[in-house]
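Sequence plus predicted model, see below.
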Amino acid sequence: MNVSNRIIVITQNKDSKAAAAAIAAQHQLVIEENEKLHSLDAIIKEVESSKSTAFLRSSLHTFIREHGIPFMIIIDYPVVAETRTDAIMQKIFNTLLISFMIIARGSGLENIKGNFFVNITKGDVQLFKNIIIHPEKLLANVKTNDDKVNAIINLYTDQKVFHTLFFIKPCTGTTKEDIAHELSAYIDAVKKRHVLIEKIMEKQKYTAPRSKDAAKVLVKLSEDKIVLDHEMIITRDSAYQKYTTGHIYVLGDWTNIHSRKVAGKVITAIKDGFADWKPGSDDPVIIHLEDAVVDHTTAATLAQIAFNELKGFSNIKIYCNEKNYKTLEAADGFGLIKKLVFIQNLNSQ
């Protein structure tokens, strides 16, 4: 998805507004004028009236459909919420973060960035920096009524995952000149990041195409009985002798394009089980990826499966070969599943 040349400015700070207008013009950037993404007073009024920030998420999604990802967002944030308005301002900031988290999970959007230049209205800037460095503190109490969204939020409590998506800079300047200087430097840094992202995306164009078909999920029930994508098969084919009874095997492509489909197969197999096999909450759940094709999105998907979809199962282990382990290790979300993943060659079983 393209990055737009538009800046979203949600601030009551006159110096920040003035600096944004001046610097935007210098960098050929446009300030968004949609009231629901520009007027803090209007946004606060709408939140109080509707008791929800759904309109804000909707406005941002509409903006992205029409213009692309915002180049950056300038926003007020009180580190300490002393009033109801302060609490609403914190909620606005969190809502925008969550919107980016959801968008980034979409197919082909893993390289997007959420760039936030934050005007601290109350509290210590250093405290805000500490919160951003440790996003689990920021997101600890952020919950929605949607379990799937909560699962996504949970993924971003991991520092590496959070900072891969977000580039957040608190403003420390107190004068219009200082703010303008910091903002200009920040915009330059954002542009440099965009250049790097474009190089990565250009390189990905020449990556060998993956399979059009999603991976199959195999469970061996007995010496002569297997389940392949929920289809029971009676066979004594020697090709299936290498598989261990009661283990789950992912065979084929489990990359971004097939992420949800394959995850659904794995989750259903374990939760629903089959006539002759169904693991209990304390039984070992062994998932094999030796014959799977994985990419930079698979680790985060595995984390969501292990800690959200299968949170009732206490003994989950993931086996893969050395190549796949290195792919998972370099990916966002690996920190969450590191203790569950082991290297094991299929032919050594």
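It's in.

Need the contact partners of the longest strand seen in the chain.
Determined from DSSP state E, the single longest strand within the chain is strand 114-122. By Cβ atoms under 8 Å, 6 or more residues apart in numbering, the residues outside strand 114-122 that reach it are 11-13, 16, 70-82, 86, 89, 93, 96-97, 100, 104, 128, 165-171, 179, 182-183, 186, 190. Where you see a C-beta, it was placed from the backbone N, CA and C, and this is true even at glycine.

pLDDT averaged over that strand - what is it?
The pLDDT scores in strand 114-122 average 94.

from the chain's centre, how far out does the next helix or strand along the chain from it sit?
Remark: after strand 114-122, the chain's next helix or strand is helix 125-133, criterion DSSP states H and E. Computed by Cα atoms, centre = their mean, to the nearest Å, the chain-centroid distance of helix 125-133 equals 21 Å.

Show me what helix 125-133 is packed up against.
Counting contacts by 3 or more Cβ pairs under 8 Å, 6 or more residues apart in numbering; DSSP states H and E, helix 125-133 packs against helix 135-139, strand 166-171.

on that earlier part again, dump the C-alpha coordinates for the longest strand of the chain into CSV.
The C-alpha coordinates for strand 114-122 follow below in CSV (Å, rounded to 0.1, in the frame of the first residue of the first chain):
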residue,chain,number,x,y,z
GLY,A,114,2.8,4.1,12.0
ASN,A,115,4.7,7.3,12.4
PHE,A,116,3.7,9.4,15.4
PHE,A,117,5.1,12.7,16.6
VAL,A,118,3.7,13.1,20.1
ASN,A,119,3.2,16.4,22.0
ILE,A,120,3.2,15.5,25.7
THR,A,121,0.6,17.7,27.4
LYS,A,122,0.9,16.4,30.9
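
Below-threshold pLDDT in the protein: ranges please.
Scanning the chain for pLDDT under 70 picks out the ranges 1, 107-110, 199-211, 345-349.

For it, which segments count as helices?
14-26, 40-50, 54-67, 84-104, 125-133, 135-139, 147-155, 159-165, 176-205, 259-272, 298-304, 322-329, 334-337 (DSSP state H).

would you list those helices in a markdown table and tack on distance to residue 291 and mean neighbour count?
As requested, the helices of the chain are exported to a markdown table (distance: least, Cβ to Cβ, whole Å; neighbours: other Cβ atoms under 10 Å):
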| stretch | distance to residue 291 | mean neighbour count |
| --- | --- | --- |
| helix 14-26 | 52 | 17 |
| helix 40-50 | 50 | 15 |
| helix 54-67 | 37 | 16 |
| helix 84-104 | 29 | 19 |
| helix 125-133 | 39 | 15 |
| helix 135-139 | 35 | 18 |
| helix 147-155 | 26 | 17 |
| helix 159-165 | 27 | 18 |
| helix 176-205 | 24 | 14 |
| helix 259-272 | 13 | 17 |
| helix 298-304 | 14 | 26 |
| helix 322-329 | 9 | 16 |
| helix 334-337 | 19 | 20 |
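
CSV for those helices, including distance to residue 285?
Shown next, in CSV, are the helices of the chain (distance: least, Cβ to Cβ, whole Å):
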stretch, distance to residue 285
helix 14-26, 51
helix 40-50, 42
helix 54-67, 35
helix 84-104, 27
helix 125-133, 34
helix 135-139, 26
helix 147-155, 18
helix 159-165, 23
helix 176-205, 33
helix 259-272, 6
helix 298-304, 12
helix 322-329, 17
helix 334-337, 13
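
Tell me which of the ones you listed lies nearest to residue 3.
helix 176-205 (6.1 Å; Cβ to Cβ).

which helices and strands sit right next to the closest one?
Secondary-structure packing of helix 176-205 (3+ Cβ pairs under 8 Å, 6+ apart): helix 14-26, strand 72-78, strand 114-122, strand 166-171.

In TSV, list those along with distance to residue 306.
What follows is the helices and strands packed on helix 176-205, written out as TSV (distance: least, Cβ to Cβ, whole Å):
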stretch	distance to residue 306
helix 14-26	42
strand 72-78	32
strand 114-122	26
strand 166-171	24
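
Nearest approach to residue 340 belongs to which of these?
Per Cβ to Cβ, nearest to residue 340 of these: strand 166-171, 25.8 Å.
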